[in-house]
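In: Generate a structure from the sequence data that follows.
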Amino acid sequence: MVEPGNKLKKLKMQEINRNETCCITHCDVPMDQIYWDTRWEKQETNWDIGYPSPALINYTDGIANKKTAILIPGCGNAYEAEYLLQHGFTNITLIDISPLAVEKLKHKFKGNSSIKILCEDFFEHKGIYDLVLEQTFFSAIPPFKRKDYAIKMHEILNNNGKIVGVLFDKQFNNPFPPFGGCPCEYKPIFEPYFEIKKMEKCYNSIEPRKGNEVFIHFIKK
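Out: Below is the predicted model:
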């Protein structure tokens, strides 16, 4: 017979082990311009849903200040940016490391002064923003750089600046993007730098991702 105290201790250890094994800690694939250009050339863009993320639309619909400085890193085809422009936003910055992706974006948004398009490594970017929209970028970077992601976000956000978007609540166990994770991994990364206002199951995920995403709303400390 197992004593109640020992049973509780065993359950706690199982929870700790589960939390540890759910987190990917390394990656051997270089995530550089060549890698991402090759993905675009081969049309290996499974992250592209073809329209703005419903979760991000729902959030940005509640923003009254259309001059809010918004950054979308790792933006891809930037459907969210199109939506923002259509709804009067005037201060949008897009970053992507892939020259091919940026070339397409510059053609798409040619002549629009409300949007800035940069071909850069996010981690070397200089700028200050009120809001960063997160849509699959976090899952595209090597997991060992996630703390660097949190630090960089803190650096480029204004006081009370926000990160809003969706993160995967699922493991992919791939040596290449997307890299999954879980809230038990994400919280220790972000809590030193951000108030976690929300990190909860995303109720309006796209159908293929239902039950496998968390909606996040972080505020800079």
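In: And the strands in this structure, which stretches?
Out: Using DSSP state E, the strands of the chain run over residues 70-73, 92-96, 115-119, 129-135, 157-168, 194-201, 213-220.
In: so which of the ones you listed comes closest to residue 143?
Out: Closest to residue 143 of these, according to Cβ to Cβ: strand 157-168, at 11.7 Å. Yep, even glycine has a C-beta here, placed from its N, CA and C like the rest.
In: where's that closest one relative to the chain centroid, distance-wise?
Out: Here strand 157-168 is found 9 Å from its chain centre; the criterion is Cα atoms, centre = their mean, to the nearest Å.
In: Same question for stretch 35-51.
Out: Its chain's C-alpha centre and that of stretch 35-51 lie 16 Å apart, by Cα atoms, centre = their mean.
In: That stretch: which residues count as buried?
Out: Across stretch 35-51, burial judged by 16 or more other Cβ atoms under 10 Å covers 36, 39-40, 47, 49.
In: so where's the protein shaky on pLDDT?
Out: Scanning the chain for pLDDT under 70 picks out 1-30.
In: residue ranges of the helices in it, please?
Out: Counting by DSSP state H, the chain has these helices, from start to end: 4-21, 33-41, 54-60, 79-86, 99-108, 146-156, 183-190.
In: Tabulate those (TSV), appending distance to residue 70.
Out: Converted to TSV, those look like this (distance: least, Cβ to Cβ, whole Å):
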stretch	distance to residue 70
helix 4-21	33
helix 33-41	22
helix 54-60	8
helix 79-86	7
helix 99-108	15
helix 146-156	12
helix 183-190	19
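In: For residue 199, which of those helices is the nearest?
Out: Shortest separation from residue 199 across the helices of the chain is recorded for helix 183-190, at 5.4 Å, computed as Cβ to Cβ.
In: Tell me which residues of the closest one come out buried.
Out: In helix 183-190, counting by 16+ other Cβ under 10 Å, buried: 183, 185-186, 189-190.
In: Just give me the closest of the residues you listed to residue 121.
Out: The closest of those to residue 121 turns out to be residue 189 (Cβ to Cβ; 19.5 Å).
In: Verify the contact between the closest one and residue 150 for me.
Out: Yes - with contacts counted by Cβ atoms under 8 Å, residue 189 reaches residue 150, the gap being 5.2 Å.
In: residue contacts, the residue lying closest to residue 138 once chain neighbours are set aside?
Out: By the measure of Cβ to Cβ, 6 or more residues apart in numbering, the closest residue to residue 138 outside its immediate chain neighbours is residue 167, 5.7 Å from it. Residue 167 is in contact with 134, 138-139, 181, 186, 213-214, 216, counting by Cβ atoms under 8 Å, 6 or more residues apart in numbering.
In: CSV please, covering those and showing distance to residue 107.
Out: Shown next, in CSV, are these (distance: Cβ to Cβ, whole Å):
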residue, distance to residue 107
134, 25
138, 27
139, 26
181, 34
186, 35
213, 30
214, 34
216, 31
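In: Show me how to select, in ChimeraX, the buried members of these.
Out: Written as a ChimeraX command, the selection of buried residues from the contacts of residue 167, which uses 16+ other Cβ under 10 Å, is:
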select :134,138,139,181,186,213,214,216
